[in-house]
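**Student:** predicted model and sequence below, questions to follow.
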Amino acid sequence: MQDRNTYKLLTPGPLTTTPSVKEAMLIDRCTWDQDYNDITQDIRARLLRLAHADNGEYTSVLMQGSGTFGVESVLTSIPSKDDVVLVLVNGAYSERMVKILQLQEVKHCRLDFAWDKMPDAASVEAFLSTHPEVTMVSMVHSETTSGLLNDIAAIGKVVKGRGLTFIVDAMSSFGGVDIDVPAIGIDFIISSANKCIQGVPGFSFIIARREALLKSEGNARSLSLDLFDQWQTMEKAGGKWRYTSPTHVVAAFHQAMVELDAEGGIKARHERYAKCNAQLRAGMEALGFKAYIAAHDQGPIITTFFYPEGFKVNFPEMHAFLKENGYVIYPGKLTEAETFRLGNIGEIYPADIERIIELFRIYKEQHHA
Ligand SMILES: *Cc1c(COP(=O)(O)O)cnc(C)c1O
């Protein structure tokens with residue numbers, strides 16, 4: 001089959017997928033058929049393996065919608081009326097968690113950090129010691145706003161030390177960064193189909209500690225996003241989703257999981273991402289585009305760049321130039337400075353990075369005072 005793409009996405013989901021992942025969508029499947037439900041069951045089992053979790057202690061649930069639907073499902077289905085959720089805020093995606101909790105009137109509080117710094121365990125410990133009402137802690141792993149990779153293991157120690165529930169949005173890291181979910185003590189980890197596992201958009205997934213999920217029965221504030229109910233249907237009906245599932249997306253995701261294994265699993269994928277990211281940072285910095293996050297805190301997924309001094313900034317024009325030449329990039333998401341972002345997940349290889357740096361060199365020559 002001919003791939004009709006005329007450009008690659010340097011955006012962290014949707015991202016560039018393989019022709020074989022797209023090809024898996026060329027069959028129309030019935031949601032009642034066992035062969036289709038077997039695909040769902042195999043995805044659920046594979047997700048647990050990627051998380052280093054065993055089927056006795058953990059389970060996995062797939063949820064229709066984009067990644068945010070998965071986060072909203074957890075934050076509105078898990079806390080009871082008496083629970084208080086602490087959100088560690090250092091970017092737009094943790095801000096979004098707070099907004100979800102506000103809208104559904106779930107009891108919560110927040111602890112803010114600079115957007116270019118990771119939440120530190122000592123501050124979280126100090127906050128918790130003066131806020132005994134907190135029962136759950138929620139944070140983002142890879143902050144796609146900035147490119148920062150937060151230290152979930154250090155925070156996990158504090159959270160688990162106090163016996164609290166730990167919720168992690170690992171949307172743009174799961175599958176591309178190795179996460180030992182049981183060792184860190186994560187109770188709920190959320191990601192979606194169109195990020196590091198390299199599927200297409202259409203559903204999110206949650207890996208949950210069974211005991212914590214079981215306790216949440218009846219807590220959901222929404223019918224469609226009821227995590228407990230969704231899980232019960234999937235468990236009891238052998239992989240059947242509660243309501244119409246995105247059948248084509250599920251098939252593509254399954255193919256993407258097979259291809260992740262073929263690449264050599266998370267370790268190999270992480271190496272490719274980290275290599276491309278280091279090459280990108282070095283090449284862009286040599287051209288005068290400084291990265292927002294310090295090298296030792298930079299995650300391998302996405303990088304936020306400042307423009308060089310004297311650069312005539314016109315993002316739409318720069319975006320158009322790059323797209324014409326084969327690559328799509330993201331605008332910045334910071335409020336305090338003009339930036340842009342380059343993702344390097346998906347079917348992106350060192351040759352692509354070399355090419356994008358060359359395009360920036362050409363563009364800069366034309367737009368630098
Ligand atoms: C992509 C992403 C989400 C979900 O975004 P959607 O647009 O709803 O898919 C949530 N958190 C993080 C950190 C993300 O990168």
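**Tutor:** Alright, I've got the coordinates. Numbers count the residues shown, from 1 in each chain.
**Student:** once you drop chain neighbours, what's closest to residue 295?
**Tutor:** In space, and not counting its chain neighbours, residue 295 is closest to residue 281: 6.9 Å by CB to CB, 6 or more residues apart in numbering. (C-beta placed from N, C-alpha, C; glycine too.)
**Student:** ok, and what's touching whichever helix or strand that neighbour is part of?
**Tutor:** In this structure, residue 281 sits in helix 265-286 according to DSSP states H and E. Outside of helix 265-286, the residues that reach it under the criterion CB atoms under 8 Å, 6 or more residues apart in numbering are 50, 175-178, 196, 260, 263, 291, 295, 298-301, 303, 305, 342, 344-345, 348-350, 352-354, 356-357, 360.
**Student:** ok, 6 Å please
**Tutor:** The contact list for helix 265-286, computed with CB atoms under 6 Å, 6 or more residues apart in numbering, reads 176-178, 263, 291, 300, 303, 305, 344-345, 348, 350, 353, 357.
**Student:** and these, which are buried?
**Tutor:** In terms of neighbour count (16 or more other CB atoms under 10 Å), the buried residues within the contacts of helix 265-286 are 176-177, 291, 300, 303, 305, 344-345, 348, 353, 357.
**Student:** just list the residues touching the residue of the chain at minimum distance from the ligand, thanks.
**Tutor:** In the chain, no residue comes nearer to the ligand than residue 67, which is 2.7 Å away by CB to the nearest ligand atom. For residue 67, the set of contacting residues under the criterion of CB under 6 Å, 6+ apart consists of 171, 192, 204.
**Student:** quickly list what the second one is bridged to.
**Tutor:** With beta bridges defined as DSSP bridges, residue 192 has these partners: residue 204.
**Student:** per-residue pLDDT of it, please?
**Tutor:** In this model, residue 192 is scored at 98, pLDDT.
**Student:** can you verify my assumption that it contacts residue 201?
**Tutor:** No. Applying CB atoms under 6 Å, one finds residue 192 not in contact with residue 201, separated by 7.3 Å.
**Student:** more neighbours, the two?
**Tutor:** When residue 192 is set against residue 201 and neighbours are counted by other CB atoms under 10 Å, the residue ahead is residue 192, at 29 against 18.
**Student:** ok, that one to residue 70 distance?
**Tutor:** Counting by CB to CB, to the nearest Å, the separation of residue 192 from residue 70 is 6 Å.
**Student:** spatially nearest residue to the residue most central in space within the chain (excluding sequence neighbours)?
**Tutor:** When the chain is reduced to its mean C-alpha position, the closest residue under CA atoms, centre = their mean turns out to be residue 171, at 1.4 Å. Leaving aside its sequence neighbours, residue 171 sits nearest to residue 67 (CB to CB, 6+ apart; 4.6 Å).
**Student:** all good on my end, thank you.
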